[in-house]
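Undergrad: turn this into a structure:
(one chain, ligands or ions: 1)
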Amino acid sequence: MRIVLLGAPGSGKGTQAKLICDYFKIPHISTGDIFRAEIKKMTPLGLEAKKYIQRGNLVPDDLTISIVKESLNKSENSDGFLLDGFPRNIYQAKKLNLLLTEDKKYIDKVYLIDVTQDVILERIGGRRYCSRCGASYHIRFNPSKLDDRCEACGEVLIHRSDDKEDIVLDRLTVYNKAIQPIVNYYKKLGILEKIHGDANPSEIFSSIRSSLMVV
Ligand code: AMP
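TA: Predicted coordinates for the structure are as follows:
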């Protein structure tokens, strides 16, 4: 099963990605997570990506596509995957299709998690992230039982610098500009499904799960 998850920053994409991947036992490919891991390791790719990420801009397509291509070529992703955070523009969407069709593969389903801007700002404002294991929390909706530390590994939780409100507003502007052509593209291919994302995570997951049962 090959799935793409689309949604604004704070739409709950990451949470749904984890639920879907655990339930359907498919690998999770998140371009944001890959970039954050590279930044942490201070690799040349990470240092380059950081310049864009910290300003709320997209990392250039050539860099981003090269990491996706590398992921798709890994044997553990050859039978299926869930892509989270990619594609982020129409060029990336077309390139993804090309990479897959060269290999006689195709995307089964694209979900667009649709959320209002007020909900996004509330969600991102309270989001806390573990830079060691990648777990994510929310100070109101999903607080850590260890206050400011990660329940899984004990690391101090952080508020990602690109989750600060001024940067989030820039990220939303970038997202809103790019999303419509991507949506139109997948609509034409007949694989797009819009999911109402203001509901709670388990309700959202249950609509995605029912829809994927019939794929
Ligand atoms: P995310 O965790 O998906 O919100 O991604 C964090 C940041 O990584 C984004 O704000 C972008 O700067 C960068 N990024 C992630 N995915 C992509 C992509 N497909 N194209 C370009 N930049 C990306």
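Undergrad: for His28, phi and psi?
TA: Per-residue torsions, His28: phi -100, psi 120 (degrees, to the nearest 10).
Undergrad: where's it relative to Arg128, distance?
TA: Applying CB to CB, to the nearest Å, the value for His28 to Arg128 is 20 Å. Any C-beta I mention is one placed from the backbone N, CA and C, and that applies to glycine too.
Undergrad: with adjacent residues omitted, what lies nearest to the closest residue to the ligand within the chain?
TA: With CB to the nearest ligand atom as the measure, Gly32 is the residue of the chain nearest to the ligand, at 2.1 Å. Excluding its sequence neighbours, the residue lying closest to Gly32 (CB to CB, 6 or more residues apart in numbering) is Gly85, at 4.6 Å.
Undergrad: and Arg88, what element?
TA: Arg88 belongs to no helix or strand when assigned by DSSP states H and E.
Undergrad: so what's it up against?
TA: Arg88 sits next to Thr31, Leu58, Thr64, Val174, Tyr175, Ala178, Ile182 when contact means CB atoms under 8 Å, 6 or more residues apart in numbering.
Undergrad: try it again at 7 Å.
TA: Arg88 is in contact with Leu58, Ala178, counting by CB atoms under 7 Å, 6 or more residues apart in numbering.
Undergrad: tell me the pLDDT of it.
TA: Confidence at Arg88, expressed as pLDDT, is 94.
Undergrad: tell me the phi and psi of it?
TA: Torsion angles, degrees, to the nearest 10, at Arg88: phi -120, psi 0.
Undergrad: quick one: it and Thr64, what's the gap?
TA: Arg88 is 8 Å from Thr64, where distance means CB to CB.
Undergrad: same question, Arg160
TA: Using CB to CB, we find Arg160 at a distance of 18 Å from Thr64.
Undergrad: how about Met1?
TA: Counting by CB to CB, the gap from Met1 to Thr64 is 23 Å.
Undergrad: between those two, who's got more neighbours?
TA: Thr64 (24 against 15; other CB atoms under 10 Å).
Undergrad: can you tell me the closest non-neighbouring residue to the more buried one?
TA: Thr31 (6.0 Å).
Undergrad: residues near the one you found, how many?
TA: Counted with other CB under 10 Å, Thr31 comes out at 23.
Undergrad: over to Glu38?
TA: 19.
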